[in-house]
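> Structure for this input, please:
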Amino acid sequence: MIELLRPWALLLLPLPVLARWLLPALAARAALPVPAAVHELLSALSRSQDARLMGWPASLWLRTIGWVALVAALAGPQTRAGTLLKPTGRDLIVAIDLSASMGQKDMVVDGEEVSRLGVVYDLISEFINKRAGDRVGLIAFSQEAFLIAPLTFDIRAVEGLLDELGIGLPGHRTDLGRAVGLTIQTFRKEPPATRVLIVISDGEDNTGALAVDDAVGLATQHDIRIHTIGFSSDIKPDGAAVLRQMAKVTGGEYFVAQSPQALAEISGEIDRIEPSAIDRSQDAVMRSWSWVALTIALTALAALTWQEIREA
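Have a look, this model is predicted:
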């Protein structure tokens, strides 16, 4: 939508016509106290006062178009080209468990049984899409851990990569220690910032070469706050204990979600704990179109000059 920087300039549009109607008649040799362009327009109007719209002479058309374009350029037409991103100074990584147990269809959505991972995809996609201002990264883990998306402000690109994930991609068991270790390596390469890791797992088969205690200790040394979500219709006590410990030691929060509705509520709670920078009143990047109107005005002036040279 076109916006005007100086909308008051449009009040100048009827100036030539008003000047013709309101200014007193001048003697033939008297100096006209108006700009030359307005004088020419008034003269053309006088010569063609009985003409209809389509019967205007070319010179009058050119003067009219030139005047309208000049006023439009002065009004400053512009459109919104985007918004200025306001960084939060927070780096946030989402780590998603892709072990075989995440493929179990023990969740119900609209009366149909769906897998745990299917529910996670939908809600995490929505969660990431709200993180404007954060640098967001994505890790997939089970037996191994892989950095799917490095830290970036392009949240749409991270969201799009969720569709590329599949059960068992990095193995079939769950190694939470590797996910935390990869997060530490990722953050270590980046400038200082508020560092947050969100781990979503069903808490089953937590085994691996890097003990969770050691991984969490390293995370604490690097000022990484971990929020954990145990997502399962019946999460095991030992799995819940590991996830709870990870959050407690690093100053994060532990959540349990046994249904899609509960996971959605937890997503909202994390939004509250780690507020995003979305601001509907944030500054916009504006694209000016005054040059188009000014080009039209100059073109009309050039055409009028050429016509007068030919008639001279």
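> Would you state the helices of the stretch 151-300 of the chain in chain order?
Taking DSSP state H, counting those that start in this stretch to define them, one finds helices in the stretch 151-300 of the chain at 155-161, 176-188, 212-221, 237-250, 260-273, 290-311.
> who's in contact with the third one?
I take that to be helix 212-221. Identification of contacts with helix 212-221 by Cβ atoms under 8 Å, 6 or more residues apart in numbering yields 176-177, 180-181, 183-184, 197, 206, 226, 242, 245-246, 249-250. Where you see a C-beta, it was placed from the backbone N, CA and C, and this is true even at glycine.
> One more pass at 7 Å, please.
For helix 212-221, contacts defined as Cβ atoms under 7 Å, 6 or more residues apart in numbering pick out L176, G177, V180, G181, I184, N206, I226, V242, Q245, M246, V249, T250.
> repeat for the fifth one
Under the criterion Cβ under 7 Å, 6+ apart, residues 107, 109, 119, 123, 127, 130, 198, 227, 229, 231, 253, 255, 257 lie in contact with helix 260-273.
> Give me the spatial nearest neighbour of the fifth one, chain neighbours excluded.
It stands for F127. Leaving aside its sequence neighbours, F127 sits nearest to S267 (Cβ to Cβ, 6 or more residues apart in numbering; 4.9 Å).
> Where does pLDDT dip in the stretch 1-150 of the chain?
Low-confidence segments of the stretch 1-150 of the chain (pLDDT under 70): 24-56, 82-85.
> coming back round to it: right, and the helices of the stretch 151-300 of the chain - which one's nearest I96?
Nearest to I96, of all these, is helix 176-188, at 9.0 Å by Cβ to Cβ.
> other SSEs contacting that closest one?
strand 90-97, strand 135-141, strand 145-152, strand 194-201, helix 212-221, strand 224-231 (3 or more Cβ pairs under 7 Å, 6 or more residues apart in numbering; DSSP states H and E).
> now those as TSV including distance to R63 and mean neighbour count?
Compiled in TSV, these are given as follows (distance: least, Cβ to Cβ, whole Å; neighbours: other Cβ atoms under 10 Å):
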stretch	distance to R63	mean neighbour count
strand 90-97	59	24
strand 135-141	56	24
strand 145-152	54	18
strand 194-201	62	24
helix 212-221	73	17
strand 224-231	68	26
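> right, and F153 touches R131 too?
No: contact criterion Cβ atoms under 7 Å: F153 and R131 do not qualify, at 9.4 Å.
> and those two? which has more neighbours close in?
Set side by side, F153 and R131 show more neighbours around R131, with 22 against 14, by other Cβ atoms under 10 Å.
> picking up where we left off before, now the helices of the stretch 151-300 of the chain in CSV, with distance to L18 and mean pLDDT?
Shown next, in CSV, are those (distance: least, Cβ to Cβ, whole Å; pLDDT from 0 to 100):
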stretch, distance to L18, mean pLDDT
helix 155-161, 52, 88
helix 176-188, 67, 90
helix 212-221, 74, 86
helix 237-250, 73, 83
helix 260-273, 57, 83
helix 290-311, 20, 84
